[in-house]
Structure formats: C-alpha cells, structure tokens
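Asks: When you get a sec, could you give me coordinates for this:
(3 chains)
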Amino acid sequence: MSSAARPIATTRSAAGMPTGKLAVWWVIASEIVIFGGLLASYIMHRLAHDAWSAQAAHTNTWIGAFNTMVLLTSSLSAVLAHQAAERGDGPKAARLLYATVAGALTFLVVKAFEWSGEIGEGFTITSSTFWSFYYTAAGLHASHVIAGAILMLFVAADARRNLELHRVELIGIYWHFVDIVWIFLFPLLYIAK
Amino acid sequence: MAHAHATHHPINYIRVWFILVLLLIVSVAGPFLGIRWVTLLTAFGIACIKAVMVARNFMHINLEQRYISYVIITVLVFMLLFFAGVSPDVMKKEGSGWVKPSWKAAAAASSAAQGGAAHH
Amino acid sequence: MAEHAAPHHHDEHAAHHEAGFVRTYLFSTDHKIIAMQYMFTGMAMGLIGAYFAYAFNMQLAFPGMDVPGFGVVSASRYNALVTNHGSIMIFWVAMPVLLAAYGNYLIPLMLGCDDMVFPRINRLSYQIFLLSAIVLVASFFVPGGGFAGAWTSYPPLSAKPEYGLTPLGSSMWLAAVALEFVAFLLGGINFITTAMNSRAPGMRLYDVPMVIWMIVVASILFMCSVGPLIAGAIMLLMDQNLGTAFFDPERGGDPILWQHLFWFFGHPEVYVVLLPTVGIVAEIITTFARKKLFAYRTVLYTVFGTGVLSFTVWAHHQFIAGIDPRMAHIFTITTLLISIPIAEMMFIYIATLYGGSIQFTTPMLWALAFIGEFLIGGVTGIFLGASGADVYFHDTYFVLAHFHYTFFPITIIGFYAGFTYWFPKMFGKMMDERLGKIHFWGTIIPFNMIFIPLFVLGAAGQHRRIYDYRNFPDLSQPWMWNTRHVIAAAVCTMLAFQAVFFINLAKSLIAGKKAPKNPWRANTLEWTAESPPPHGNWAELPRVYRGPYEYSVPGRKQDYWPQNEPA
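Replies: Below you'll find the predicted structure:
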C-alpha cells in the first residue's frame, strides 16, 4: 500500500486550476473567516469603548510600522521566489524563500522585544480587555507567521534540489495572506488610537 | 506548473513594493495632522489599497479563475454580515432588561475626563 | 491486492505480507479505510451519547432513582450528561459519520477517481479527530468531571470556574471541540478540492450525483462559518485559564458576543449535517423508485440558496437573550424564509417518488422515514422561528422535540439509510433484510413515542435543563409524570432495538451472502467497482457518458443506465 504515491485524482484539474493552488485558496477563505470573526469582535468593542484610547496610546507605532515594512519586504522576496521557480531556477527560489523566512524571524524577534517591553510596563493580557484583544489578535497572527515560516523551510529544501517547484507559489500565496492580515492589524492596533 | 502569463506584461515587483512602502509612510504620517477622519481615512483606506495591491500583484488573484475572486468576496461579505448582525448588541451599554455595569462606568469616566465635551 | 473490510473484524489481514495490520488499518491513507475509521469512531461515540441519554431520561422519569448501569444522577451529573450528550451527538457522531465517513467513502468512488487529492492530509485529519474524541472522553474522568455548561457553553457559566464547577472539564471540552474543527477544516479542503478537480472524464457538473454536491456544499458552509467560533473558542479558553475578560461584562467584555460567535456557526452547522443526509436520501429514493430525480437543477440551486440564507438566520437562537428587537424582526423574517427552500426539496423528493416502482427495501424504508420525520421537525421550527411565539417556547421541551425531529432523522436515520444502502459495496456482503426491517420499525415507532409527547409537555411549560421536576409543582401534574414514564420506556425500547442492528452487522460481516458489484442495479460509478473496491478503486478509471439518474428511460430494455456505459 503506497501512501507516498500521488493518486491520479491529484493530477486532474477539471476546475481549471492545479489542485494544490485550489486548496490553498480555500485555506485562505477559511482563514479570512477566522481572523474576520476575531477582528470584527475587536472592532465592535473598540468603537464602543472610547476609553480604550488611553490604553491604545501605549502601543508603539514605530515598532509596528517597522514590522509592517519587514512583512512587506518578505512578501516581495516570496513573490520573487515564485518568479524564479517559474523560470525553473530552484536554487534561486530557495534562497529567496530563505530571505522570506529571515524576514519572518525578524518580525517575530521584534515582536518579542515589543511584547516584553509592554509586559514589563504592566500591560499584560489581563490588564484591560484592549490588551486581551491586542495580544490575542497579534498572537494568532504570529502563530500563522511561525507556521508559514516552518512550511516555507520545507518547500525551500525541496526547491533547492529543483523538486516540487510549484509549491513555491503556493506557500507564497499563504504568505501574502499573512501579510495582508498584518496590513489590517497595523492600523487597528497601532494607528487608530 | 507555470500559469499562462502569455498576454500580460511582467509585473515589476520591486516597483510594487516601493509603492507599498510609500503608502505605509503616508499612513503613519496621517495621525500627525491631528484630524480624526483624516487619520482613519489614511489608516484604513490605505490598508484596503495595500491589501488589494498585494492580492493582485503578489497573489495574482486577477489572473486566477474567476470563481476564486467570488469565493474571497463572498467570505468577506459574510464577515460584514457578521458585523452587521452582532454590533447592535455588542456595542450597546444597556438594552431591554440588561446592563453592562463596567461599560457604563467607563463611559461615564471617559466623558467626565473630557469635560463632557461632545465627541464622535 | 489488499481487500478492505471493517478494521476490527478481519484479523486475518494481519498476516498479509503486502502491508502489516498497523500500516493497513491504523495508518492508511486510503480514503475507504479512513472513511471506516471515521464511521466506527462515530458509532462508538454514538453509543456513549446514547448511554448518556438513557441515564438522564431515567432520572427525568424516576427522579432520585439509582439508574441501573449508571448510578444516581445528581444535579451536576445531570448537567454533564445533557451537555455531553448534545456535544457528542452533533460533533462526534453527526459530523464524522455523515460528512467525514460518507464523504470520504463516496467522493472518490462516485466521481471515478482513485483516492482523495491529498491522502496524507486526509489521514492527518482523522488522527486529529481521533485525538479530539480522546480528549473529550478523557474529560469525563478528570477531577470535577466533564463539562456541564450545556453544549452551547454560554459564559459566564462556562468561563468562570466558580460557577461551572468543572475547571478542567470545561477547558478540555473546548480543546476537544477546537481540535474537531481543525480536523474538519482539513477534511473539508480535501473534499472540496477533490470534487472540483477530480471528476471522471466526461462528467459535467450536472452529472455529479446529488449526494456529492450536498457533501461539498456542506463542507463549504462549514469552512465559511466555523471561523468566528474558532476565534471565540480561543477567547473563551483565555477567559477560563488566563483570566481575560472577553465575555465578562464586569470587566469590559460581553457575553452576548459569545452567543453570536457560537450561533453564527451553530446555525449553518445544522445545514452542514442536514445536507449529506438529504443527498443520501436522493440516491436511495431514485434507486428504489427506479425514477430520475424530479428536478436536479432546481434541487441544486435550492441548496445553494439555502446555504447562503443559512448565514442570515442565526440569532433566532437568541430571541430572548436581550438582543436588539429590530434584529429580532429581521431574523424572524429570514428564518421563516429559509423553510421555503427546504420544503421545496421535500416536495421534489415526493415528486420523485410519484409514479415510481417503489421497492421497500430497508434503505428505502429509512429514506422514506427521513422525509416524513424531518417534515415534522421542519414545520415545528416555524413556531420557533416566529419570535413572538418563541418568547413562550424558548427553553421548553418544544424546542427539544423540534430539534430531535430534525437531528434524529439527519443523524440516525441518515446513518442507517446510507449504511444499509452502501454496506454491500463497503464490505462485499449483503445485510439481512428481515433483521433490517425489524430494526427499522423497532427504532422508528419508539422514536415517535419519545418525541411527540415532548411537544405536548413543552407546550405545557416543561423547561429544559431541569434535573428534577418534583421541585416544580406546575410541572409535576400526574399526566406529566405518566408521560415521562412512557417516554423513558420508549427510550429503553429504542435503545434495545439497536442490538438488532449490531447483530445484523456481525452476522452479515461474518456469514452474509456475497454481494455482487451492483446489487441494487443503480447507476452511479461506485457500483461499477468491486465489492469491496481494491486499493485504487478500479484497475482502469471509468469514463462518464450521462447523468446519474437515468432510470426507466423509455425505449430501453433495462430500467437503469450506468453512468459509465458508452452510449
């Protein structure tokens, strides 16, 4: 019983799109609903609690902006990796994917410092419901960054040997989604004070 | 598996990135003007523009089959529906037969702090 | 070539040199084995859920008694029993059996491909599901016992340990539910992608069997609705364990938010479980009436419409929770509207049967019973959807009777209908028809004797979630106690008759007549494979030439026309 062999089913594309890509888009759709539920809940609370602006004032806009830049740049390297993969250059795609992972690590390290600072000043997850939402939303996002980076390492390892190059595009699509979530989290948590 | 880029001109990804960074700078600068609606416009309006730019230029959603866009738009509409159905309850401090004590207290404290001045 | 059969019935395969027992049955990526894993896990959980129902029904009828086989049902044990009965039946029986088991088994076979598109993710989804079941069952044995805050888990009862009294059980329950959601998200991706991409050559979208459409739409509904509840579950877990206040109005949170997050998913969820059964019934009635489905495209578009509408009705579960009355108006209208497409589908099924050559086989009996019983559930929902009437009916047994008249046909009748229909294909043997019919009547008659009286009791004011009605003089009238005794007797009878099914199952697996490829003379592709199908399903994958319901086509000698037969 070969569980490693790819079934014929996977190679068909009656819907006009390769199976892997179709699946990734459906993953994106379900993730939109997860983040959407959380962020909608946050927005409702934030709009109703003007007093939260006192708490929100303590988020560091510069760190948030820097992290936004980091993610935007990592999205650039991810799409350049896809371009390289399309041209059949597996090793180059892998290098660009590693650059993306480096961006992810930078994001996470900066966030770690940011959070330790805030916790040190006494803004813990229970100090106010604003902070509960802040850590939960950014934490859920960060967990997706971690998961994406790990998956990306596996894809890069294959790409380096010119294997499974189509997966470079797929992990890229997921990565851009993670970037887009942060594009909305940034103004929600940092700018709209 | 390469997809058909046959009829479209190649995207300059670095140029797109540059525009995204520029928009980021504008959205960070927005609050410094001090006008609330400008801040919200630059912050969220720009976020929407950036999201669409990433979706089109990096995710190539406009090159995929149409139904992908429909699926994404549908789930976004569901999120709006969720917000519309839930916010009338969650955003209120009291209703018929119930009250959220800490919300009332916080609202009272905040309007006292602002000297009772009108604010939106 | 490895033959596939029920995992715990064919130990001779352990000696098969091609692949060991563990590899074949425990770590398989074959969709048929994974389907059986889901099926049997769901059945096992169903036995646990049924056991709980037995225990609390005895308590309701004879409060304070030492229930044989269980013990005394105290107030807190009662709450844990009803909470876990509901949770198990919905999340660990209906979902795995109807969606995961039938979906996994049928999608590749009915679409003419050799497996799901992502077999290893398929295996992973079952493993996560199994873990969720283990976590849930483990929660019954921790200090404090299993979660007892109702399957809807409303805070603050579920958020604050000092109210709920089950600090460990509450979080384990939530974790189990969250794991189950992840398993089904993974499974859903597989189902949708396989159905969209892997159809047999020649199979247009309108040639796809209705049950496949239904399972795919159900998967889409699940994936689009579960997100907010996952977010909510994370928030509730934090409230329970970290002391956050997402749902605590004393500290800036809102318990109504939980209700909305829960029901935004909770309502589409009932359609997630309904649609597969409606699909199974379509397959069965067309086969055993030897008639084509009356209006395939109408059913299809109706299902799409129902799916979209199902996202607009959720707050009818919250009419008396203090929601904005203007919202209550809107939700009343949408709720009453959604009864229209469902009724339409039932009418189409009746039109399908009209003028057909009906064969009253066991699967057909179950399918017909579904239509009749679900209709009762549907029309009683209208009383509850009208917010004015719901002010009275909410939290009474009227609601309970309504949802058992929907859930029981969906889960139990649907399961038996599909199982008796596809058993020959799954196991290569025929089931005993006589035992099947005894089991059918022994289930259906007591079922109605349990739940019709509950409409009456509910309308008379019997509230839900009360463990001892002796404390309520209004609800302790003699006729009410007599009714409760009848209900308890019916519960015991119905549960006892399930033994007939298990005897039939064992007897058929061990000594049943060998099943041909197509015992029911049906059209769809799964009946062209061996019974049971080998790994890979066919040596050569089929090609399709027509739709799935070409029965009794005028001018043809045979009254059926398989999809893969060249014209």
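
Asks: What distance do you get for C:Lys513 to C:Lys429?
Replies: Distance, C:Lys513 to C:Lys429, by CB to CB, to the nearest Å: 7 Å. Every C-beta, even on glycine, is put in place using the N, C-alpha and C of the backbone.

Asks: While we're on C:His8, how confident is the model there?
Replies: Looking at C:His8, its pLDDT stands at 42.

Asks: who's in contact with the residue sitting nearest the centre point of chain B?
Replies: Compute the mean C-alpha point of chain B, and by CA atoms, centre = their mean the closest residue is B:Phe44, 4.6 Å away. Listed by CB atoms under 8 Å, 6 or more residues apart in numbering or on different chains, the contact set of B:Phe44 reads A:Pro187, A:Ala192.

Asks: Let's verify it: helix, strand, or coil?
Replies: helix (DSSP: H, G, I helix; E, B strand; the rest coil).

Asks: So which of C:Lys513 and C:Lys429 has more stuff around it?
Replies: C:Lys429 (20 against 12; other CB atoms under 10 Å in any protein chain shown).

Asks: Test my guess that the more buried one contacts C:Lys514.
Replies: Yes - at 6.4 Å, C:Lys429 counts as touching C:Lys514 under the criterion of CB atoms under 8 Å.

Asks: The strand or helix carrying C:Met327 - contacts with which helices or strands?
Replies: Taking DSSP states H and E as the criterion, C:Met327 maps to helix C:325-353. Packing contacts for helix C:325-353, counted by 3 or more CB pairs under 8 Å, 6 or more residues apart in numbering or on different chains; DSSP states H and E, involve helix B:66-90, helix C:255-289, helix C:296-309, helix C:362-385, helix C:387-393.

Asks: could you give the mean pLDDT of that helix?
Replies: In the prediction, helix C:325-353 has an average pLDDT of 94.

Asks: So for that helix, what gets flagged as buried?
Replies: C:327-328, C:330-332, C:334-335, C:338, C:341-342, C:344-346, C:348-349, C:352-353 (16 or more other CB atoms under 10 Å in any protein chain shown).

Asks: okay, the angle between that helix and helix C:255-289?
Replies: Angle of helix C:325-353 versus helix C:255-289, following axes from the mean of the first three to the mean of the last three CA atoms, to 10 degrees, is 10 degrees.

Asks: List the residues that contact C:Leu99.
Replies: By CB under 8 Å, 6+ apart, the contact list for C:Leu99 reads C:Phe184, C:Gly187, C:Ile215, C:Ala218, C:Ser219, C:Phe222, C:Val272, C:Val273, C:Pro276.

Asks: Apart from its neighbours in sequence, what residue is nearest C:Arg464?
Replies: Distance criterion CB to CB, 6 or more residues apart in numbering or on different chains; nearest residue to C:Arg464, sequence neighbours excluded, is C:Asp395 at 5.2 Å.

Asks: same check, this time on A:Ala56
Replies: Nearest residue to A:Ala56 in three dimensions, chain neighbours excluded: A:Lys193, at 4.4 Å (CB to CB, 6+ apart).

Asks: And C:Leu229, by the same measure?
Replies: C:Phe265 (4.0 Å).

Asks: Surely the one you found touches C:Pro228?
Replies: Yes - here C:Phe265 lies in contact with C:Pro228, judged by CB under 8 Å, at a distance of 6.3 Å.

Asks: tally of neighbours for residue 36?
Replies: Picked chain A for this. Neighbour count of A:Gly36, defined by other CB under 10 Å: 22.

Asks: Switch to chain B, please.
Replies: There are 12 residues near B:Arg36, going by other CB under 10 Å.

Asks: swap in A:Trp175?
Replies: A:Trp175 has 31 nearby residues by other CB under 10 Å.

Asks: Can you tell me the element it falls in?
Replies: Assignment of secondary structure by DSSP H and E places A:Trp175 within helix A:166-186.

Asks: buried sites along that helix?
Replies: Neighbour count says helix A:166-186 has A:166-186 buried, by 16+ other CB under 10 Å.

Asks: Repeat that for stretch C:158-168.
Replies: C:Ser158, C:Ala159, C:Lys160, C:Gly164, C:Leu165, C:Thr166, C:Pro167, C:Leu168.

Asks: so the fifth one sits right up against C:Gly146, yeah?
Replies: Just to be clear, that refers to C:Leu165. No - look at C:Leu165 against C:Gly146 with CB under 8 Å: they stay out of range, at 11.2 Å.

Asks: show me what contacts A:Ala159?
Replies: If a contact means CB under 8 Å, 6+ apart, then A:Ala159 has A:Ala81, A:Ala85, A:Gly90, A:Pro91, A:Ala93, A:Ala94, A:Leu97, A:Leu165, A:Arg167, A:Val168 as its contacts.

Asks: That one should be in a helix, yeah?
Replies: Yes - if the criterion is three-state DSSP, then A:Ala159 is within a helix.

Asks: Tell me how far it lies from A:Val79.
Replies: Per CB to CB, A:Ala159 is found 14 Å from A:Val79.

Asks: do A:Gly64 as well
Replies: 23 Å.

Asks: who's in contact with C:Asp115?
Replies: C:Asp115 makes contact with A:Pro7, A:Ala9, C:Thr29, C:Asp30, C:His31, C:Pro108, C:Gly536, C:Asn537, according to CB under 8 Å, 6+ apart.

Asks: Check what pLDDT the fourth one gets.
Replies: Just to be clear, that refers to C:Asp30. For C:Asp30, the model assigns a pLDDT of 93.

Asks: Distance check, it against C:Phe184.
Replies: For C:Asp30 relative to C:Phe184 (CB to CB), the value is 20 Å.

Asks: Between those two, which has more neighbouring residues?
Replies: Taking neighbours as other CB under 10 Å, C:Asp30 and C:Phe184 compare with C:Asp30 leading, 28 against 25.

Asks: Leaving out chain neighbours, which residue sits closest to that one?
Replies: Distances taken as CB to CB, 6+ apart put C:His535 closest to C:Asp30, at 5.6 Å, once the chain neighbours are dropped.

Asks: burial of that neighbour, as a residue count?
Replies: Residues near C:His535, counting by other CB under 10 Å, number 20.

Asks: What about A:His58, how many residues nearby?
Replies: Residues lying near A:His58 (other CB under 10 Å) number 15.

Asks: secondary structure class for the closest residue to it other than its chain neighbours?
Replies: In space, A:His58 comes closest to A:Phe123 once its chain neighbours are excluded; the distance is 6.0 Å by CB to CB, 6+ apart. Assigned with three-state DSSP, A:Phe123 falls in the coil class.

Asks: quick one: the strands in the stretch 1-150 of chain C?
Replies: Per DSSP state E, counting those that start in this stretch, the stretch 1-150 of chain C carries strands over the ranges C:66-67, C:71-72.

Asks: who's in contact with the last one?
Replies: Translated: strand C:71-72. Against strand C:71-72 from outside (CB under 8 Å, 6+ apart): C:Gly64, C:Met65, C:Asp66.

Asks: same question, the first one
Replies: Here strand C:66-67 makes contact (CB under 8 Å, 6+ apart) with C:Tyr54, C:Ala55, C:Met58, C:Gln59, C:Val72, C:Val73.
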